[in-house]
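A.B. asks: Sequence and computational prediction follow.
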Amino acid sequence: MASSTVTSSQPHRPPRPNLVFRRLRGQRSPAEFAAVIRRAGLEIGEQVSCDARYIGRVEAGEIRCPNYAYERVFLHMYPGRTLTDLGFAPRSSVRGRRARDTEDAPLTRTANPVNATSETSGACEPYETQNPYDPYHPHDTYEESDVLRRAFMTGGGATVAAASLGPVGLSRDASAAQRPVHRAGASDAGALEEAVRRIRLLDDRHGADGLYRRAAAPLRAAYALLDAGTTRQTTADRLYSGAGELAISVGWLAHDSGRFDDARSHYAEALATARMTGDPGLEAHAFCNTAFLARDAGRPREAVRAAQAAQRVARPVGSARLMSLLALREAGGWAGLADRVGCEQALARAQAFFERGPSDADPEWMSFYGEAELEGLEAQCWSTLGDWPRAARHARRAAELQDPHFTRNIALYTAELADDLARGGRPDEAAVAGMRVLDLLEEVQSSRVQTMLAATARVLLPHRRASGVSAFLERHASAPRTA
């Protein structure tokens, strides 16, 4: 769920747990209760993206009043009762916090981002608000691939070799876009491939927030190269593959910084490029990221379908590590659907493929995928299912195993650990982990990580007297936020 910062004249008070809602859940797990709510919604034509994290936030009092879609579902489930009967605050008492009658996506990651890697939103308000970056919101318009490509080509034949975009390496000056078109050659393909590597390297170290807008120019230049044409088929293949991978990289920067609609367009463009050229590796990569985005946007069933499609097209690639990652993407979708059995089966496949080891067929873009990422993604699954102790064990191991080069991922795994510890009733340990994340945020700019840490801070508010919690909350409150 996304929200904007709200200035209030009232002093901030810790949320009051919703004990009524907790009693209504009874012996069911948060994930099981979330599934009941989703089914009840379908009975009346409401599609709410409820998961275990949402249930936890309601019970913790973080959501004082649900949006109108959830209200209709709850009143359908408990006829004759009002919102206040269900433990919520009267709508009038939170009306000033930008109430909107639209469905929000629950805080998922992983992914948050939570498990975003569901960080997919800003600091949440006591009243649910619409996610402005939700790509599934009905008023959004998504460009078809050909329209998007024409937009990229505006300005003529800028070449990747002539671009520089600061440290990314892609646009020497603003006049490049007006230079005459020339046939693309092997040097252009090489420059494009190097630009993709450079963007990934910078993201690994510093996060997406400062890179996304700067990466748009090289992407336009890449598609201008495709429009210019080339005389050699091998060069054309490299250009199409490079442009597709660049679209995915730029899409990921948009995804990780919370711009879901932009990310969806970039991933769709990469998928179209892959299908035009018959490139199964690129197609699998595009589906992989599409599954990740769908999970973070609160569309777990779509995440499952996209991950399964990725596995089908990836088989000819011959990479066990790629199949392992795609199984993890599927597991994340099953977790979002509260299907523990489906999740466990996908996790088992992911582990089995991973144990086959690396091979020459592993795609270059998978350099981030090792044992640490495997542990981190599994942690996100257990977190989504509401198994906080198990999630914390995997998140801790992920942070310990991660190569120091991947600073952003260390921050991500540690933020996951802090949140799982906080929700699992270990506030002192959560505060220690949160402090480590704040240290890392001095060199990493990631909306996903910041969103996860903000959620953790809200969970810890009632535990100010626990060791280290007050110091963490004070430091978190004073920390700068990404613009």
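C.D. replies: Right, received. Where do you want to start?

A.B. asks: Ranking helices and strands of this protein by mean pLDDT, which lands last?
C.D. replies: Every helix and strand in the chain was compared by mean pLDDT, DSSP states H and E; the lowest is helix 145-153, with a mean of 30.

A.B. asks: tell me which residues in the one helix or strand Val73 maps to are buried?
C.D. replies: Here Val73 sits within helix 68-77, counting by DSSP states H and E. In terms of neighbour count (16 or more other C-beta atoms under 10 Å), helix 68-77 has its buried residues at 69-75, 77. The way it works is simple: take the backbone N, C-alpha and C, and place the C-beta from them, glycine included.

A.B. asks: Skipping its backbone neighbours, what lies nearest Arg91 in space?
C.D. replies: Cys65 (5.4 Å; C-beta to C-beta, 6 or more residues apart in numbering).

A.B. asks: Neighbours of the one you found, how many?
C.D. replies: The local packing of Cys65 (other C-beta atoms under 10 Å) involves 22 other residues.

A.B. asks: my guess is it contacts Ala89, does it?
C.D. replies: Yes - at 5.2 Å, Cys65 counts as touching Ala89 under the criterion of C-beta atoms under 8 Å.

A.B. asks: just to revisit the earlier point, wait, which of the buried residues of helix 68-77 is closest to Asp261?
C.D. replies: Ala69 (20.2 Å; C-beta to C-beta).

A.B. asks: wait, doesn't Phe353 sit right on Gly318?
C.D. replies: No - at 11.7 Å, Phe353 and Gly318 do not qualify as touching, with contact defined as C-beta under 8 Å.

A.B. asks: which of the two has more neighbours?
C.D. replies: Set Phe353 next to Gly318 and count neighbours by other C-beta under 10 Å: Phe353 wins out with 21 against 13.

A.B. asks: who's in contact with the closest residue to Val317 other than its chain neighbours?
C.D. replies: Leaving aside its sequence neighbours, Val317 sits nearest to Gly281 (C-beta to C-beta, 6+ apart; 5.1 Å). Each residue near Gly281 by C-beta atoms under 8 Å, 6 or more residues apart in numbering is listed here: 241, 314, 317, 363.

A.B. asks: Now Gly281: which helix or strand?
C.D. replies: Going by DSSP H and E, Gly281 is in helix 280-296.

A.B. asks: what angle sits between the helix or strand just after that helix and helix 280-296?
C.D. replies: Sequence order places helix 300-314 as the next helix or strand after helix 280-296, per DSSP H and E. Put simply, helix 300-314 runs at 170 degrees to helix 280-296, going by axes from the mean of the first three to the mean of the last three C-alpha atoms, to 10 degrees.

A.B. asks: Asp419 versus Ser93, what's the distance?
C.D. replies: 28 Å (C-beta to C-beta, to the nearest Å).

A.B. asks: higher neighbour count, the two?
C.D. replies: Comparing Ser93 with Asp419 by neighbour count (other C-beta under 10 Å), the higher total belongs to Asp419, at 34 against 14.

A.B. asks: thinking that one is in contact with Leu460, fair?
C.D. replies: No - judged on C-beta under 8 Å, Asp419 makes no contact with Leu460 at a distance of 9.7 Å.

A.B. asks: between the two, what contacts are shared?
C.D. replies: If you check Asp419 and Leu460 against C-beta under 8 Å, 6+ apart, the residues they both contact are Ala430.

A.B. asks: What is the neighbour count of Pro462?
C.D. replies: Using other C-beta under 10 Å as the criterion, the residues surrounding Pro462 number 16.

A.B. asks: So which residues of the chain form strands?
C.D. replies: With DSSP state E, there are no strands along the chain.

A.B. asks: quick revisit: what bridges to the residue nearest to Arg91?
C.D. replies: Beta-bridge pairing of Cys65 under DSSP bridges involves Tyr127.

A.B. asks: Walk me through the regions of this structure where pLDDT falls short of the threshold, as ranges.
C.D. replies: Under the criterion pLDDT under 70, the flagged ranges of the chain are 1-13, 92, 94-182, 184-185, 199-217, 228, 231, 481-483.

A.B. asks: rerun that using 50 as the cut-off
C.D. replies: Filtered on pLDDT under 50, the chain yields the residue ranges 1-11, 96-180, 204, 206-209, 483.

A.B. asks: longest helix anywhere in it?
C.D. replies: Identified as the longest helix of the chain according to DSSP state H is helix 233-256.

A.B. asks: Flag every buried residue along that helix.
C.D. replies: Across helix 233-256, burial judged by 16+ other C-beta under 10 Å covers 235-236, 238-256.

A.B. asks: Repeat that for stretch 272-288.
C.D. replies: 272-275, 277, 279-288.

A.B. asks: Same question for stretch 26-44.
C.D. replies: 29-35, 37-38, 40-41.

A.B. asks: again, but for stretch 465-472
C.D. replies: 466, 468-469, 472.

A.B. asks: Any chance of a markdown table for those residues, columns distance to Val444?
C.D. replies: Formatted as a markdown table, these follow (distance: C-beta to C-beta, whole Å):
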| residue | distance to Val444 |
| --- | --- |
| Ala466 | 26 |
| Gly468 | 22 |
| Val469 | 23 |
| Phe472 | 18 |
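
A.B. asks: Pick the one among those closest to Glu373.
C.D. replies: Glu373 has its nearest neighbour among the buried residues of stretch 465-472 in Phe472, at 26.3 Å by C-beta to C-beta.

A.B. asks: hang on, the closest one packs against Ala433?
C.D. replies: No - using C-beta under 8 Å, Phe472 makes no contact with Ala433, being 9.1 Å away.

A.B. asks: wait, doesn't Ile44 sit right on Val73?
C.D. replies: Yes - with contacts defined as C-beta under 8 Å, Ile44 counts as touching Val73 at a distance of 7.0 Å.

A.B. asks: and the angle from the longest helix of the chain to helix 280-296?
C.D. replies: Helix 233-256 and helix 280-296 are oriented at 10 degrees to each other (the same axes, to 10 degrees).

A.B. asks: Kind regards, and thank you for your time.
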